[in-house]
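Engineer: sequence and predicted structure, then a few things I'm wondering about:
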Amino acid sequence: MGLMTIYRTLALLAEVGAVYTIRDQHGEASEGRYVFCSDHHHHHVICTGCWRVWEVQGCGVAPEQQAHVAEATGVTVTGHTLDFYGLCPSCRGT
Ligand SMILES: [Zn+2]
Ligand SMILES: [Zn+2]
Ligand SMILES: [Zn+2]
């Protein structure tokens, strides 16, 4: 498989939710940055140096927070994503 074929396949997988598209803090995705996710709910820690992704097990988002958002906007909240950004030890050079 050529590299472009792999990118196209990954883009397709991302569309159906089988892989997660890694975005920067501004929501910009760049080609070829994907990660395979486990199917239980989790959050991500993303290194903005090497774009490595860690899964954080457990949610930590309070149900009250979700209820507050729902009340403030009138939106029936069905889920959320939460990504943390930073530099990993090797990108920090420590
Ligand atoms: Zn994930
Ligand atoms: Zn890194
Ligand atoms: Zn969560």
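Structural biologist: Cool, the structure landed. Residues are numbered from 1 along each chain as shown. Ligands and ions are numbered 1, 2, ... in the order given.

Engineer: quick one: the helices in this protein?
Structural biologist: With DSSP state H, the ranges of helices along the chain come out as 3-15, 63-73, 89-92.

Engineer: distance of the closest residue to V75 other than its chain neighbours relative to G27?
Structural biologist: In this structure, V75 finds its nearest non-sequential neighbour in V69, 7.2 Å apart by C-beta to C-beta, 6 or more residues apart in numbering. Using the backbone N, CA and C atoms, a C-beta is placed for each residue, glycine as well. As judged by C-beta to C-beta, to the nearest Å, V69 and G27 stand 18 Å apart.

Engineer: when those two are compared, which one has more neighbours?
Structural biologist: Between V69 and G27, V69 has the larger neighbour count (other C-beta atoms under 10 Å), namely 13 against 6.

Engineer: pLDDT (mean, whole number) over stretch 68-83?
Structural biologist: For stretch 68-83, mean pLDDT rounds to 93.

Engineer: do stretch 30-50 as well
Structural biologist: Computed over stretch 30-50, the average pLDDT equals 88.

Engineer: from ligand 3, how far out is the residue of the chain found nearest ligand 1?
Structural biologist: Residue nearest to ligand 1 within the chain (C-beta to the ion): C37, separated by 3.2 Å. The spacing between C37 and ligand 3, counted by C-beta to the ion, to the nearest Å, is 13 Å.

Engineer: Q66 now?
Structural biologist: For Q66, the distance to ligand 3 - C-beta to the ion - is 9 Å.

Engineer: could you chop the chain up by domain?
Structural biologist: Listed by automatic domain parsing, the domain ranges of the chain are 1-37, 40-94.

Engineer: alongside ligand 1, which residues does this protein contribute?
Structural biologist: When proximity is defined as C-beta under 5 Å from the ion, the chain approaches ligand 1 at Y20, C37.
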